[in-house]
Structures are given as structure tokens and as C-alpha cells.
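Enquirer: A predicted structure for the sequence below; I have some questions about it.
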Amino acid sequence: MGFVKVVKNKQYFKRFQVKFRRRREGRTDYFARKRLVVQEKNKYNTPKYRLIVRFTNKDIICQIAYARIEGDVIICAAYAHELPRYGIKVGLTNYSAAYCTGLLIARRLLKKLKLDGIYSGCEDVNGDEFYVEDVDGQPGAFRCYLDVGLVRTTTGARVFGAMKGAADGGIDIP
């Protein structure tokens, strides 16, 4: 075997730039985050809202947020551990709990923005596709984009259960 030069010397480490902390921890995909967060320049300072869905071992977290230079601003949140107040006692991390958490955050957000009377959401829940349409002469439907994080987006994934719940609740998710 030939001579192998050592490249990990002092000059190498002096020039080495570490990745962002949340990238090193494996928490944030900055490639996807940039595309979710960056707003078009002709829309000036209008926030671009995201429906953030995260799963822990015992809980489901749904948040509506938008990005600022100082950090993300959360305007509304709902958790699966709140569901026992509404009659769902067990199975707080399954697909149906994700749907209920999405429905809860949608109604909570629309009530906060005083849009709950205009956009009532899906009246008969049967699993069909449901899109929120703008009402003429009224404020537009609240639009936000689904942020799944590092979860695999397979068919029937629980993140899509939360998205379906939010869409049935009256939020416009393209």
C-alpha cells in the first residue's frame, strides 16, 4: 500500500465550518425550510403561514406559525393531550387523533381571527376532498402551507390526517 497523506491537520480544522446546530442535531431540513418560509418580494412584509405538525411518542403538536428574522412567531397551537377535554380519552397519537388535533387548531385559529362565522368548514365529514372557497364580500379564507418536518410523506401518513382535519375545519391548505 502506498503512502497516504493526512489531510486532517491544523490548516484543515482552521478552515472547517460547522453546520447549523439544528442541522447537526438532525432536527431541521434547511433546504425544505427555505422553500416554506421565504415569501415573494412583491408581497413585501406579508407573513407566509405554515401548519407545523410534529409527533412525539405520547403527543401530537400542531402549530400555525410564520417566520421573522428574530425567530418564528406562533399564532395558534393545539396538542393531542387536550383531546380528553373533548371526549377522546385513548389513542392520542394515532391517525384519528391527528385529524382531531388538526380540526381543533383550525377552529381555534378561525375563532381567534373572527373568521369562524364565515368559514364553518366541512359540514358532513365523509372523507371526500374538501376545499375552502373564498366568500364574496368577506375576508379571504386563511391560507397556510403544510410543514411536515423530517417525517416521511407516505400514503396514509398521520401528518396528512392532521392536514385533513385542518382543511375540514375551514383552513385553506393548497
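Expert: Structure received.
Enquirer: Show me where the protein has its strands.
Expert: With strands called from DSSP state E, the chain shows them at 50-55, 60-66, 73-79, 145-147.
Enquirer: Rebuild those as JSON lines, extending it with mean neighbour count and mean pLDDT.
Expert: In short, each C-beta sits where N, CA and C put it, glycine included. Formatted as JSON lines, the strands of the chain follow (neighbours: other CB atoms under 10 Å; pLDDT from 0 to 100):
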{"stretch": "strand 50-55", "mean neighbour count": "21", "mean pLDDT": "96"}
{"stretch": "strand 60-66", "mean neighbour count": "21", "mean pLDDT": "97"}
{"stretch": "strand 73-79", "mean neighbour count": "16", "mean pLDDT": "97"}
{"stretch": "strand 145-147", "mean neighbour count": "17", "mean pLDDT": "96"}
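Enquirer: for this structure, which spans come out with low pLDDT?
Expert: 1 (pLDDT under 70).
Enquirer: I'd like the strands of the chain as a markdown table, with distance to Gln138 appended.
Expert: Formatted as a markdown table, the strands of the chain follow (distance: least, CB to CB, whole Å):
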| stretch | distance to Gln138 |
| --- | --- |
| strand 50-55 | 22 |
| strand 60-66 | 20 |
| strand 73-79 | 20 |
| strand 145-147 | 22 |
